[in-house]
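K.L.:
Kindly generate the corresponding structure for this input.
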Amino acid sequence: MHFFKYHFNPGTYLRYPSGRQMRRGMNFLLNAFCTAILLTTGLITIHDIAFETEKTKHLRSENLLLAEHQPVLESEVEEVERTLAHLTKIDKGLHQKLFATAPSNSVPASLNKERVLLASAGDFRSLIHDVQKRASSLVHQSAISNAEFGSTLYISREKIESLQSIPTIQPVDNTQVGLLVSGFGERINPFHKGMYNHPGVDFAAPRGSAVFATAPGVVKVVKKTQLEAGYGNYVELDHGNGFVTRYAHLDEIHVKRGERVYKGKVIASSGNSGGSVAPHLHYEVIKDGQVVNPVNYLLEGLTASQYSAVLAHAQAQNQSMD
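P.N.:
A predicted model of the protein is given here:
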């Protein structure tokens, strides 16, 4: 088959194809090449559709499932991330308080929220892998921390009993921390106006306010008197390990000598008995026979800011109420 017509040149005795015929031949070849490409592409596409492999079917099905459940998975991943971040914060806090240092093992960085929300079905598998890696790292760190805490914080039974004997709560309901009106140490005596050593702290509480045992113990002393001097009606509790607490200027007493009480039990009500200028509770802590500052023990149930406020009230140089 001939695509070109040739012309004879008498001068050179050579034949050459005409220009028009040459362009026509080139167009024919170009069209044939494009047709072959389109035909090949169509055949490959038909083959892929008609002869899909098992692996392709599996990946296609997996992608459809991921696309369908991606919103739910995104929500779950974010919840897991928040939980892991919270546990990491607690772990760091415990190490800082107990060991004065950060955890020895680092934890993989948190997932980027935008990355989670914009992830394609294919990328989402890698995000899940990242979360699994982070969770595994925290589980490993938790095991290390547990071992460190277990070896460092072992407390014998004797030490537990000793800790339980410490009077750690406030003897009145002082959630706003403003009831402590006079502290421990040198204060102005309300009667002779001279300086004297105040052996406890005073809580301004209306008559009849509940008075609580600040630690478990046994009622050691129950004293009732009509004298308008001294402690008036008062109770002493023996908590063991050298700790005794005294609650004075009471109105009514709800316990009897030898009775065992638990921490937080209402043992009396506040009043104005004895040498008192107004209804209040005078509270003392005695350790090994010596009065000590009760504020040093009033820690339980208070935040750092609340305890700072209680401490500030106790340090004010003012007049006591008894």
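
K.L.:
The residue nearest to E284 when sequence neighbours are not counted: what's it in contact with?
P.N.:
For E284, ignoring the flanking residues on the chain, the nearest one in space by Cβ to Cβ, 6 or more residues apart in numbering is G200 at 3.6 Å. For every residue, glycine as well, the C-beta is placed using N, CA and C. Contacts for G200 (Cβ atoms under 8 Å, 6 or more residues apart in numbering) come out as F184, R246, A248, H282, Y283, E284, V285, V291, P294.

K.L.:
Need the pLDDT of the fifth one.
P.N.:
Read it as Y283. For Y283, the model assigns a pLDDT of 98.

K.L.:
and the helix or strand that contains it, which strands flank it?
P.N.:
Using DSSP states H and E, Y283 maps to strand 281-287. With DSSP bridges as the test, strand 281-287 is paired with strand 201-203 (antiparallel), strand 243-248 (antiparallel), strand 290-292 (antiparallel).

K.L.:
which of those sits most buried?
P.N.:
Stretch with highest mean neighbour count among the strands paired with strand 281-287: strand 201-203 (a mean of 26; mean count of other Cβ atoms under 10 Å).

K.L.:
So what touches the next helix or strand after it?
P.N.:
Counting by DSSP H and E, the element after strand 201-203 in chain order, helix or strand, is strand 210-212. Under the criterion Cβ under 8 Å, 6+ apart, residues 169-173, 205, 247, 250, 263-270, 281 lie in contact with strand 210-212.

K.L.:
and those, which of them are in strands?
P.N.:
Counting by DSSP state E, the part of the contacts of strand 210-212 found in strands is Y247, L250, V266, I267, A268, S269, S270, L281.

K.L.:
sec struct for L38, please.
P.N.:
Of the three states, L38 takes helix according to DSSP: H, G, I helix; E, B strand; the rest coil.

K.L.:
Show me the domain layout of the chain.
P.N.:
6-50, 54-152, 164-315 (automatic domain parsing).

K.L.:
ok, now how distant is D173 from F212?
P.N.:
As judged by Cβ to Cβ, to the nearest Å, D173 and F212 stand 8 Å apart.

K.L.:
do H58 as well
P.N.:
68 Å.

K.L.:
now swap in Y247 and tell me
P.N.:
9 Å.

K.L.:
what is in contact with the two at once?
P.N.:
What both Y247 and F212 touch, as defined by Cβ under 8 Å, 6+ apart, is the set P171, I267.

K.L.:
and R257, how many neighbours does it have?
P.N.:
Other residues near R257 number 12, with proximity taken as other Cβ atoms under 10 Å.

K.L.:
just checking, it touches K224?
P.N.:
No: if you go by Cβ atoms under 8 Å, R257 and K224 don't touch, sitting 11.4 Å apart.

K.L.:
what's the angle from the strand holding Y283 to strand 266-270?
P.N.:
Interaxial angle, strand 281-287 versus strand 266-270 (axes from the mean of the first three to the mean of the last three Cα atoms, to 10 degrees): 130 degrees.

K.L.:
Next, the buried residues of strand 281-287.
P.N.:
L281, H282, Y283, E284, V285, I286 (16 or more other Cβ atoms under 10 Å).

K.L.:
quick one: which of these is nearest I188?
P.N.:
Distance ranking of the buried residues of strand 281-287 against I188, using Cβ to Cβ, places H282 first at 15.2 Å.

K.L.:
what about the closest residue to that closest one other than its chain neighbours, distance to E236?
P.N.:
Once flanking residues are discounted, H282 sits nearest to A248: 4.0 Å by Cβ to Cβ, 6+ apart. A248 sits at a distance of 9 Å from E236 (criterion: Cβ to Cβ).

K.L.:
cool, and F28?
P.N.:
Applying Cβ to Cβ to F28 and E236 gives a distance of 119 Å.

K.L.:
Settle it for me: which of these two has more neighbours?
P.N.:
E236 (20 against 11).

K.L.:
Start and end of stretch 232-251, how far apart?
P.N.:
Stretch 232-251 has an end-to-end distance of 9 Å (criterion: Cα to Cα, to the nearest Å).

K.L.:
give the contact list for the residue lying closest to G289 once chain neighbours are set aside.
P.N.:
Closest residue to G289 apart from its sequence neighbours, by Cβ to Cβ, 6+ apart: G242 at 7.8 Å. The neighbourhood of G242, defined by Cβ under 8 Å, 6+ apart, consists of K287, D288, G289.

K.L.:
What's the per-residue pLDDT of the second one here?
P.N.:
This means D288. On the pLDDT scale, D288 gets 94.

K.L.:
what bridges to G271?
P.N.:
Per DSSP bridges, the residues bridged to G271 are H280.

K.L.:
any idea how far the residue nearest to G289 is from K287?
P.N.:
Where K287 is concerned, G242 sits at a distance of 5 Å (Cβ to Cβ).

K.L.:
now swap in H254 and tell me
P.N.:
Counting by Cβ to Cβ, the gap from H254 to K287 is 25 Å.

K.L.:
Now T214: phi and psi?
P.N.:
phi -90, psi 0 (degrees, to the nearest 10).

K.L.:
That one - nearest residue in space that isn't next to it in sequence?
P.N.:
Closest residue in space to T214, ignoring its immediate chain neighbours: P167 at 3.6 Å, by Cβ to Cβ, 6+ apart.
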